[in-house]
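Asker: The sequence and its predicted three-dimensional model are supplied below.
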Amino acid sequence: MDNNSLLKMRAIDKTFPGVRALQKVDFTLNKGEIHALMGENGAGKSTLIKVLTGVYPKDGGAIILDGKSVNIHSPQDAQKLGISTVYQEITLCPNLTVAENMYVSRGKGPLTNWKKMNADADRLLKKLDIPARATQQLGNCSIAVQQMVAIARAVDMDCKVLILDEPTSSLDEQEVEKLFGLMRDLKALGVGIIFVTHFLDQVYEVCDKITVLRDGQLVGEYEIRDLPRVKLVAKMLGKEMDDLSDIKGEQEGYHAEDAGSRVFEAEQLCSVSGIKPFNFYINKGEVNGFTGLLGSGRSECVRAIFGADRVTGGKVRVNGRQVKIHSPRDAMKNGIAYLPEDRKIDGIIGDLSVRDNIILALQVMKGFFKPFSKAQANQFADEYIKKLSIKTASADTPIKSLSGGNQQKVILARWLLMHPEYLILDEPTRGIDVGTKVDIQKLVLELASEGMSVTFISSETDEMLRTCSRLVVMRDRKVVGELSGEDLTQTKIMSTIAGGE
């Protein structure tokens, strides 16, 4: 056995009904190593971690810890073996003290030796250089310190393998630096750390190795020095630099030079979601988009534009006139419509009929005390069911009975019924069949040719190149470039995301 090897996962398989989430995936973690687990949405990162921590049973393969084959049937099994996870959402109790959070469920109820518990907690906090006291209430600590207390709790439970799942998402730069200091200290103590993050800069700052997954399969394991950023981006997206074809010509979109007047403009816009202030504009009849890896800030930018996230700074102009957009209703009044990334959470109302879902936005603008007549509502619904070829038994069918693609078309119909001047589509083709994807892409180009301005976001770069004439490139929640014309290629997008390497 390799003396430095701590964890080996070999040929891990996991299948859910209709989906093979992991196919013969290997993963190796050494003692005293920080190892990034990377991949786009649906790559299998979360599933692999849930198999390792006993949340999901594996369907095949082996897990070897310290040279011994182990069976992990529950999170409790994982914890007993020294495998601990700290999630993005803090799972501690803010109303308890720091020490109580560190030792909760491990004391002896009324027989707890509080003095010893507080002393032990203070000793560990000092050892790990965490700026907190055992007796202070956890809720009074910053999010970063709460995150560190969760790590201290994991470490004190004889942790050998520490999994950090997006731990930096809600931290500022100084807090991230403190967390990295703690990770390096744990590495020096021999703890193996699996680091799941979307932030490329952070991976190259703190990690020793990278394992990349794509579509439930292992792409490869790499030493950090052997994998430049641009190659990492290529491996995550499944596009090698030398075999990229320019597909712009397949389906002509609206060209920037044809565009008319400026419909929407944002200057130094920022919101509570933590995106850096950004500038943005779109012309009449233009299709543009935000691109970048998952978690880069694409959705946060359009949510700020639509007022779905509270805006904390910047100016907005619609057709040259300065306006204030504090809420989605303000955006709608200014002719802006938004199809959100997660249709199930933010889009459909499952128990309502197809008809009611289609007329919802228009009804909100008209006011609920002035309902549309049944005849009017039917007329609107029938028009768009036909126009978008929505497959439904009738307008009365509950939307939750429809396929994902048809649900997406219903939400599109809802916004088209508003006749917006500017339409934002965030992942409009995710999780739907190829035929419907093509329908939606054609519809976008058709709407633009009729003069509507469209911002299109997709995780599939091919799709962005087919539909957009200009792309705003994002990395780590800030705009890092803008591409149009001859620069609108896969290669250029990836090198811009990677930081110009």
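Answerer: Now that the structure is in, tell me what you want to look at.
Asker: Quick one: residues in contact with stretch 487-501.
Answerer: With contact meaning CB atoms under 8 Å, 6 or more residues apart in numbering, stretch 487-501 is reached by 200, 228-230, 232-234, 237, 239, 241, 244, 246, 248, 291-293, 296, 461-462, 464-465, 468-471, 473-475, 480-481, 483. For every residue, glycine as well, the C-beta is placed using N, CA and C.
Asker: now it: mean pLDDT?
Answerer: Mean pLDDT, taken over the full extent of stretch 487-501, equals 83.
Asker: Output that stretch as CSV - backbone C-alpha positions only.
Answerer: Extracted C-alpha coordinates of stretch 487-501, given in CSV (Å, rounded to 0.1, in the frame of the first residue of the first chain):
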residue,chain,number,x,y,z
ASP,A,487,-13.8,36.7,-31.4
LEU,A,488,-17.1,34.8,-30.8
THR,A,489,-15.5,31.3,-30.7
GLN,A,490,-15.3,28.5,-28.2
THR,A,491,-11.5,29.0,-28.0
LYS,A,492,-11.8,32.7,-27.2
ILE,A,493,-14.5,32.1,-24.6
MET,A,494,-12.5,29.5,-22.8
SER,A,495,-9.3,31.6,-22.8
THR,A,496,-11.2,34.6,-21.4
ILE,A,497,-12.8,32.5,-18.7
ALA,A,498,-9.4,31.1,-17.8
GLY,A,499,-7.9,34.6,-17.5
GLY,A,500,-6.2,35.1,-20.9
GLU,A,501,-3.7,32.3,-20.5
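Asker: in that stretch, what counts as buried?
Answerer: Neighbour-count burial for stretch 487-501, counted by 16 or more other CB atoms under 10 Å, picks out L488, T489, Q490, K492, I493, M494, S495, T496, I497, A498, G499.
Asker: ok, back up a step: and the contacts of stretch 487-501, which of them are in strands?
Answerer: The strands, defined by DSSP state E, take in T291, R470, L471, V473, M474, R475, V480, G481, L483 from the contacts of stretch 487-501.
Asker: Taking the contacts of stretch 487-501, please make a PyMOL selection of just the buried ones.
Answerer: To isolate the buried members of those in PyMOL, using 16+ other CB under 10 Å:
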select buried, resi 200+229+230+232+233+234+237+239+244+248+291+292+293+296+461+464+465+468+469+470+471+473+474+475+480+481+483
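Asker: returning to what we had before: and the ones in strands among the contacts of stretch 487-501, which two are furthest apart?
Answerer: R470 and R475 (17.5 Å; CB to CB).
Asker: Tell me where the stretch 401-501 of the chain has helices.
Answerer: Under the criterion DSSP state H, counting those that start in this stretch, helices of the stretch 401-501 of the chain are mapped to 404-416, 434-449, 461-467, 490-498.
Asker: In CSV, list these along with distance to L37.
Answerer: Listed next are those as CSV, based on distance: least, CB to CB, whole Å:
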stretch, distance to L37
helix 404-416, 27
helix 434-449, 29
helix 461-467, 22
helix 490-498, 19
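Asker: among these, which is nearest E223?
Answerer: Across the helices of the stretch 401-501 of the chain, E223 has its closest neighbour in helix 490-498 (17.3 Å, CB to CB).
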